[in-house]
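**Student:** how does the following fold in three dimensions:
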Amino acid sequence: QLQASGGGLVQSGGSLGLSCAASERISSNNVMSWHRQTPGKQRELVASISSGGITNYAISAKGRFTISRDNAKNTMYLQMNSLKPEDTAVYYCGLVRTTTPPSAYWGQGTLVTVSS
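**Tutor:** Prediction:
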């Protein structure tokens, strides 16, 4: 089970941090990620991080967002800087266990609103 938190209202150019707490150990064999979705659009990947710390970012997030994780706390983070109105969305955290068979989980969304 994943619990996302940290969304809110921020002005353009501001910063916001999101957290995603997992109810189980996340120390190995998984990839965690942040996705976002706006009404009428498909959910899109923002950033991902493997249990080994390998990160991947969407072009829109590179240079502004930083994904990280603390395996000891079973928590993933997303630090968002230089926010733009187009970053407004519901942000979801996800986890894919790269075991056999694989399994995937979503947290509930947290709304981020960036005002211009």
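**Student:** CA atoms for contacts and neighbours, from now on please.
**Tutor:** Noted.
**Student:** any idea how far the helix or strand of the chain with the lowest mean pLDDT is from the middle of the chain?
**Tutor:** For the chain, counting by mean pLDDT, DSSP states H and E, strand 103-106 ranks last in confidence among helices and strands (a mean of 93). Centre-to-centre, strand 103-106 and its host chain are 14 Å apart (Cα atoms, centre = their mean, to the nearest Å).
**Student:** by contact count, what packs against that strand?
**Tutor:** When contacts are defined as 3 or more Cα pairs under 8 Å, 6 or more residues apart in numbering; DSSP states H and E, strand 103-106 packs onto strand 89-97.
**Student:** 10 Å instead, please
**Tutor:** strand 2-5, strand 30-37, strand 89-97 (3 or more Cα pairs under 10 Å, 6 or more residues apart in numbering; DSSP states H and E).
**Student:** wait, what's in contact with the residue most central in space within the chain?
**Tutor:** The residue lying closest to the centre of the chain (Cα atoms, centre = their mean) is W34, at 2.4 Å. Shown in contact with W34 (Cα atoms under 10 Å, 6 or more residues apart in numbering): 4, 18-20, 44-49, 57, 67, 76-78, 91-95, 106-107.
**Student:** same check on N56?
**Tutor:** Applying Cα under 10 Å, 6+ apart, we find N56 in contact with 33, 45-50, 62, 66-67.
**Student:** ok, back up a step: the residue lying closest to the residue nearest to the centre of the chain once chain neighbours are set aside - how many residues pack around it?
**Tutor:** Nearest residue to W34, sequence neighbours excluded (Cα to Cα, 6 or more residues apart in numbering): C93, at 4.5 Å. By other Cα atoms under 10 Å, 31 other residues sit near C93.
**Student:** wait, C93 sits on I49?
**Tutor:** No: with contact defined as Cα atoms under 10 Å, C93 does not count as touching I49 (11.2 Å).
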